[in-house]
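[1] Build the 3D model from these lines:
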Amino acid sequence: QVQLVESGGGLVQPGGSLRLSCAASGFPLDQYAIGWFRQAPGKEREGVSCISSNSAGRPKYADSVKGRFTISRDNAKNTVYLQMNSLKVDDTAVYYCAKNSVTYCSANDWRGYDYWGQGTQVTVSS
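    Take a look at the predicted model:
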């Protein structure tokens, strides 16, 4: 069955870095776009980043993380990464990876994701 398992979260000071990993199984990772989402307490879930199946084209980023976060994938390792630099207190949230139902990232919305991981907590605090 399809499984997505996030790891790499933790507590970091403002300005610090973390790298999240999303280990995928049960489907051919190289045939689907993968997205990262986050949900802070009391807020709705929001899209953070998306990468297409073969990394063609530019990855997609939310305005709030552009220039600080980098998404990448290693299909041979069945893993997608989210490198997070210059972290801010506002980045505190549970981060989820999700499998899209198609190969590409929609330019205009964050829809089309059909499987989700269980999430990993990222806390940015001094």
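
[2] helix or strand for the most centrally placed residue in the chain, which one?
    By CA atoms, centre = their mean, the chain has its centre lying nearest to residue 36, at 2.2 Å. Per DSSP states H and E, residue 36 falls inside strand 34-39.

[3] What are the contacting residues of that strand?
    Strand 34-39 is contacted by residues 20, 22, 24, 45-51, 71, 73, 80, 82, 91, 93-100, 105, 110, 113, 119, 122 when judged by CB atoms under 8 Å, 6 or more residues apart in numbering. In short, each C-beta sits where N, CA and C put it, glycine included.

[4] Listing partners with orientation, what would you give for that strand?
    strand 46-51 (antiparallel), strand 93-100 (antiparallel) (DSSP bridges).

[5] what's the closest of those strands to residue 58?
    Closest approach to residue 58 among these (CB to CB): strand 46-51, 9.4 Å.

[6] what residues does that closest one touch?
    Contacts for strand 46-51 (CB under 8 Å, 6+ apart): 33-39, 59-62, 65, 69, 71-73, 80, 82, 95, 100, 105-106, 110.

[7] Quick check: beta-bridge partners of residue 5?
    Note on residue 5: beta-bridge partners residue 23, judged by DSSP bridges.

[8] buried stuff in the strand holding residue 36?
    By neighbour count on 16 or more other CB atoms under 10 Å, the buried set for strand 34-39 is 34-38.

[9] Okay, residue 72 and residue 21: tell me how far apart.
    According to CB to CB, to the nearest Å, residue 72 stands 10 Å off from residue 21.

[10] cool, residue 62 as well?
    Applying CB to CB, the value for residue 62 to residue 21 is 20 Å.

[11] could you pull out the strands for the protein?
    Remark: strands assigned in the chain by DSSP state E are 3-7, 10-12, 18-25, 34-39, 46-51, 60-61, 69-74, 79-84, 93-100, 113-116, 120-124.

[12] what about the second one, average pLDDT?
    Meaning strand 10-12. For strand 10-12, the mean pLDDT works out to 98.

[13] And that strand, what's buried?
    For strand 10-12, the neighbour count (16+ other CB under 10 Å) marks residue 12 as buried.

[14] Which PyMOL command selects the buried ones in the contacts of strand 34-39?
    Filtering the contacts of strand 34-39 down to the buried ones (16+ other CB under 10 Å) takes a single PyMOL command:
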select buried, resi 20+22+24+47+48+49+50+51+71+73+80+82+91+93+94+95+96+97+98+99+100+105+110+113+119+122
